[in-house]
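Engineer: Sequence plus the predicted model coming up.
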Amino acid sequence: MSDARRRTKPLCRIVVVVQAIVLCCAGVPGCEAPAPTGPPKLTARQVQERGVERAETAAQLREQGRTEDALTWFALAIEDNPTLTTAYIGMGQIYQERGNHYEAERRFRVAAQQQPRNFDAQYGHALALQMLNRLTEAVSAYLRALSIAPDDFDANMNLATAYLQLNEPRQALPYARRAVELNGDVGNARVNLGSVYAALEWHNEAVRQYQAAAELMDLTPPLLLNLATSLGKSERYIEMANTLERLVEIEPSAAAWERLGFARFRLRRYEAALEAFHNATAIDPDYFPALNGIGVCLLNKHLLSQRSDMQARRDAVEAFRHSLRVNKNQPKIIDLLSRYD
């Protein structure tokens, strides 16, 4: 026998033997081949730990700006561990940044229910409720947040704003003041406190806050208009006019021109006042405060002419009529019209 044949025969015998063993075991109880097995099943604790790890991965993805991936991983973390408050907060913060306040409120609500003493959960829930205009609920949530962290700047300032939106300036006052005490270098906090003072008719104090804000931030139209209004309420008409002249250069609006007309009228600059009121109606023909300003200026012109300028009187009456067509609830204008029509 050749060497090649001698080498192959033992191999053939081994194969035959193995096949024989398999055939012998077939159908014999206790001699079945082992079934293939998958990965070992995780315990409940291991699943919860995996949830924590997934939440940490989601937080890292969010820091990298991969917010869609982060939302996916936060959702997986919640599947593993439905009581994982940090995952709900993380999702809520992403939705809040996106402006999806409805979804943010849902996540923060769960987080706040799970951990009532978690500041991030309570504050996030309050902010989402405020953005959804659910102001009474927002106030309650902010108060819960401040019971945890009474010196939080944002919570104090936003709570004051929520009270203002509810037309409760006296309730807003302590929180607006506290925000300025905590960080007086933030212009918005000064504007917020100024708005509270203005709502309380404390206009000199409001002017001080608005002027302080103007030194800390860009001069925005709302800030200048608020400042001008409080200057007018304080009978500081020259400063009011100067502020409004600056405003109409930055961003002319019907409201700005109307307020400038009022300031000029108070300064007895009647022609300049009439021009400002007309500029307001050129922007918005139905802006009834400016229509009233035009009527008052023309009526004043009629009276100064010893009642001889009848055209001014007729034009004044027409301006008042137009104003009442826009807004019927104006008792003073109705009275003027009844006397001069």
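Structural biologist: Happy to help now that I have it.
Engineer: backbone phi and psi for the residue positioned nearest the centre of the chain, please?
Structural biologist: What sits nearest the mean C-alpha location of the chain, by C-alpha atoms, centre = their mean, is residue 131, with 4.9 Å. Main-chain torsions, residue 131, degrees, to the nearest 10: phi -70, psi -20.
Engineer: okay, it: pLDDT?
Structural biologist: In this model, residue 131 is scored at 97, pLDDT.
Engineer: which ones are touching the closest residue to it other than its chain neighbours?
Structural biologist: Of all residues not flanking residue 131 in the chain, residue 101 sits nearest, at 4.2 Å (C-beta to C-beta, 6 or more residues apart in numbering). Any C-beta I mention is one placed from the backbone N, CA and C, and that applies to glycine too. Residues near residue 101 by C-beta atoms under 8 Å, 6 or more residues apart in numbering: 95, 128, 131, 132.
Engineer: are any of those buried, and which?
Structural biologist: Buried members of the contacts of residue 101, counted by 16 or more other C-beta atoms under 10 Å: 95, 128, 131.
Engineer: and those as CSV, adding distance to residue 89?
Structural biologist: Below are these laid out as CSV (distance: C-beta to C-beta, whole Å):
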residue, distance to residue 89
95, 11
128, 12
131, 16
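Engineer: Tell me where the model's unsure across the chain.
Structural biologist: 1-40, 42, 44, 46-48 (pLDDT under 70).
Engineer: And the residue nearest to the centre of the chain, how close does it get to residue 163?
Structural biologist: Distance of residue 131 to residue 163, computed by C-beta to C-beta, to the nearest Å: 16 Å.
Engineer: likewise residue 116?
Structural biologist: 22 Å.
Engineer: which of these two has more neighbours?
Structural biologist: For the pair residue 116 and residue 163, the greater number of neighbours falls to residue 163 (24 against 12), based on other C-beta atoms under 10 Å.
Engineer: Grab the nearest non-local neighbour of the more buried one.
Structural biologist: residue 172 (3.5 Å).
Engineer: Kindly report the same for residue 213.
Structural biologist: Nearest one to residue 213, counting by C-beta to C-beta, 6+ apart, is residue 190 at 3.7 Å.
Engineer: quick one on the thing from earlier: quickly name whichever of the contacts of residue 101 is closest to residue 84.
Structural biologist: residue 95 (16.7 Å; C-beta to C-beta).
Engineer: I'd say that closest one and residue 89 touch.
Structural biologist: No. Counting by C-beta atoms under 8 Å, residue 89 is not a contact partner of residue 95; they are 10.9 Å apart.
Engineer: by contact count, what packs against the helix or strand where residue 311 lies?
Structural biologist: Assigned by DSSP states H and E, residue 311 belongs to helix 310-326. Applying 3 or more C-beta pairs under 8 Å, 6 or more residues apart in numbering; DSSP states H and E, one finds that helix 310-326 contacts helix 288-304, helix 331-340.
Engineer: hmm, 10 Å instead?
Structural biologist: When contacts are defined as 3 or more C-beta pairs under 10 Å, 6 or more residues apart in numbering; DSSP states H and E, helix 310-326 sits against helix 270-283, helix 288-304, helix 331-340.
Engineer: Tabulate the ones you listed (TSV), appending mean neighbour count and distance to residue 204.
Structural biologist: Formatted as TSV, those follow (neighbours: other C-beta atoms under 10 Å; distance: least, C-beta to C-beta, whole Å):
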stretch	mean neighbour count	distance to residue 204
helix 270-283	19	25
helix 288-304	22	24
helix 331-340	13	26
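Engineer: Out of these, the one nearest residue 315 is which?
Structural biologist: Closest approach to residue 315 among the helices and strands packed on helix 310-326 (C-beta to C-beta): helix 288-304, 5.0 Å.
Engineer: Following the record's annotation, map out the domains of the protein.
Structural biologist: 48-149, 218-268, 285-341 (automatic domain parsing).
Engineer: Adding distance to residue 155, write the ones you listed out as TSV.
Structural biologist: Below are the domains of the chain laid out as TSV (distance: least, C-beta to C-beta, whole Å):
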stretch	distance to residue 155
domain 48-149	5
domain 218-268	23
domain 285-341	36
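Engineer: that older thread, hey, C-alpha coordinates of the helix or strand containing the residue nearest to residue 163 in CSV?
Structural biologist: Residue 172 is part of helix 169-182, with elements assigned from DSSP H and E. The C-alpha trace of helix 169-182 is given here as CSV (Å, rounded to 0.1, in the frame of the first residue of the first chain):
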residue,chain,number,x,y,z
PRO,A,169,-47.5,93.5,39.7
ARG,A,170,-47.6,93.5,43.5
GLN,A,171,-47.0,89.8,43.5
ALA,A,172,-44.2,90.2,40.9
LEU,A,173,-42.4,93.0,42.8
PRO,A,174,-40.3,91.0,45.4
TYR,A,175,-39.1,88.5,42.8
ALA,A,176,-38.2,91.2,40.3
ARG,A,177,-36.3,93.0,43.0
ARG,A,178,-34.6,89.8,44.1
ALA,A,179,-33.4,89.1,40.5
VAL,A,180,-31.8,92.6,40.4
GLU,A,181,-30.1,92.0,43.8
LEU,A,182,-28.8,88.7,42.5
